[in-house]
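**Q** Predicted model and sequence follow; I will ask about them next.
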Amino acid sequence: GAGVSQSPRYKVAKRGQDVALRCDPISGHVSLFWYQQALGQGPEFLTYFQNEAQLDKSGLPSDRFFAERPEGSVSTLKIQRTQQEDSAVYLCASSLGEDRTQGYTFGSGTRLTVV
Amino acid sequence: GNSVTQMEGPVTLSEEAFLTINCTYTATGYPSLFWYVQYPGEGLQLLLKATKADDKGSNKGFEATYRKETTSFHLEKGSVQVSDSAVYFCALSPSNTGKLIFGQGTTLQVKP
């Protein structure tokens, strides 16, 4: 596609509910990142994929967070037993190669509100 | 560890004023440095970048120079427009990873 697509744009979850957030990167992009952006803050790194391999998951805040990219394209971020502190915008970004000096293309994000 | 510190906002300027948004960083090795911009209702967009010391990144009239001696990457523009109103994020990518580490963002409001 023309850009990085994320769905849904907005998600309201009751505390304790499981949620799944989807990211469609630009076709052919090798690298895919997930970030969490709390209100009024900069994005914080969650996890990184190179094709289907999850090379870095050091930013995942707890074992309730899980990400996958089974075929090296679409990725899903899953949050189990959501808590109020999980409320944030979740951003996905992708890039063509592994060159860290290139900027990434970001999606518009999914705004998660846990009530 | 690696971190980025930006000047706190909001920054309010009149149209055609000179803009500086300060950014300093802490990093080991040789990071790449970036400025991203987030316009109202839109996603993050790369504004400019610099990959090594003394490099100058520039785009849309904005400039920033990678200063290793002062660990800074200040964003400047000579004459701002109302359309520049947005949130600006300074970020670094550490030398051994591809991830980005962001500052907290600085809101710029330009009044006509």
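**A** Everything's here; your move.
**Q** okay, CA-based contacts and neighbour counts for the rest of this
**A** Noted.
**Q** Name the residues that touch stretch B:51-59?
**A** Residues from elsewhere that reach stretch B:51-59, judged by Cα atoms under 8 Å, 6 or more residues apart in numbering or on different chains: A:101, B:30-33, B:47-50, B:63-68.
**Q** swap the cut-off to 10 Å and go again
**A** With Cα atoms under 10 Å, 6 or more residues apart in numbering or on different chains as the test, stretch B:51-59 has contacts from A:100-102, B:30-35, B:46-50, B:63-69, B:71, B:73, B:75-77, B:92-93, B:95.
**Q** Select the helix or strand of chain A having the lowest average pLDDT value.
**A** Least confident helix or strand, chain A: strand A:105-106 with a mean of 92, by mean pLDDT, DSSP states H and E.
**Q** Mind giving me the packing neighbours of it?
**A** Where contact means 3 or more Cα pairs under 10 Å, 6 or more residues apart in numbering or on different chains; DSSP states H and E, strand A:105-106 is packed against strand A:31-37, strand A:88-95, strand B:44-50.
**Q** Parallel or antiparallel, which strands does that strand pair with?
**A** strand A:88-95 (antiparallel) (DSSP bridges).
**Q** could you give the mean pLDDT of the strand it pairs with?
**A** For strand A:88-95, mean pLDDT is 95.
**Q** got it, and stretch B:32-45?
**A** 92.
**Q** That one: end-to-end distance?
**A** Distance between the boundary residues of stretch B:32-45 (Cα to Cα, to the nearest Å) amounts to 16 Å.
**Q** Figure out how far it is from the centre of its chain.
**A** In terms of Cα atoms, centre = their mean, to the nearest Å, the centre of stretch B:32-45 is found 9 Å from the chain centre.
**Q** Identify the residues contacting A:Phe106.
**A** By Cα under 10 Å, 6+ apart, the neighbours of A:Phe106 are A:3-6, A:25-26, A:32-35, A:91-95, B:42-46.
**Q** From the residues you listed, list just the buried residues.
**A** Neighbour counting by 16 or more other Cα atoms under 10 Å in any protein chain shown classes A:4-6, A:25-26, A:32-35, A:91-95, B:43-46 among the contacts of A:Phe106 as buried.
**Q** Name the nearest residue to the residue nearest the centre of chain A, sequence neighbours excluded.
**A** Nearest to the geometric centre of chain A sits A:Trp34, at 3.3 Å (Cα atoms, centre = their mean). In space, and not counting its chain neighbours, A:Trp34 is closest to A:Cys92: 4.6 Å by Cα to Cα, 6 or more residues apart in numbering or on different chains.
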